[in-house]
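Asks: with the input below, show me the fold.
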Amino acid sequence: MKTLHLEIELINAADESAAAGQRIAESAIRRIKAAALVNTGARRLCINELIQSYLQLPMVDRQLFLLGNGELRRYPVVTGLRIACMGHTLFSDAIVLPGDAEPLLGILPLKAMGLDPDSGPPPPGQPGNTLFPKSRSK
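Replies: The predicted structure is shown next:
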């Protein structure tokens with residue numbers, strides 16, 4: 001089974017708002033690029049503690065999650081995040097995984113950004129196992 005990674009940009013939305021109100025400089029907006037594993041079996045966006053320590057997003061909860069291996073674990077949930085990917089954006093919360101765990105892009109943020117996992121044959125000139133905007137004609 002092939003895996004798909006997408007480069008996403010994660011941005012502290014409160015910093016963007018502060019910059020728009022000229023309370024901080026544009027250069028002070030905390031943002032980071034990361035390669036996220038696309039996992040349509042997962043529902044949400046997951047970032048790791050290293051990304052969170054840089055972005056400093058507010059924690060809103062600690063929730064219990066069922067993992068793919070059947071384990072139940074409690075993780076922090078942060079909010080105030082803007083995700084940019086392939087020309088699409090989304091304001092979202094995120095689950096914070098321990099340490100430098102691989103960021104994960106689940107099906108809900110993908111669909112909310114208008115990106116659709118395509119398991120069929122790719123169009124000419126496009127690599128297989130990729131994502132296309134939903135408006136793409138089939």
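Asks: remind me, longest strand of the chain?
Replies: In the chain, taking DSSP state E as the definition, the longest strand is strand 72-85.
Asks: what's the following helix or strand after that one?
Replies: Sequence order places strand 88-97 as the next helix or strand after strand 72-85, per DSSP states H and E.
Asks: what's that next one in contact with?
Replies: Contact with strand 88-97 is made by 10, 13, 44-49, 52, 57, 59-60, 63, 65, 75-79, 81-83, 104, 109, 112-115, 133, as judged by C-beta atoms under 8 Å, 6 or more residues apart in numbering. For glycine as for every other residue, the C-beta is placed from the backbone atoms N, C-alpha and C.
Asks: what's the burial count for Cys85?
Replies: Residues contacting Cys85 under the criterion other C-beta atoms under 10 Å number 20.
Asks: is it bridged to anything, and to what?
Replies: Judged by DSSP bridges, the bridge partners of Cys85 are His88.
Asks: one more: Ala34?
Replies: In this entry, Ala34 is beta-bridged to Ile8, by DSSP bridges.
Asks: quick one: it and Leu10 touch, right?
Replies: Yes - counting by C-beta atoms under 8 Å, Ala34 does reach Leu10; the two are 6.3 Å apart.
Asks: which neighbours do those two share?
Replies: Joint contacts of Ala34 and Leu10 (C-beta under 8 Å, 6+ apart) are 47, 51.
Asks: out of those two, which sits in the busier spot?
Replies: Ranked by neighbour count (other C-beta under 10 Å), Ala34 and Leu10 place Leu10 first, with 25 against 17.
Asks: where does the chain dip in pLDDT?
Replies: 1, 118-138 (pLDDT under 70).
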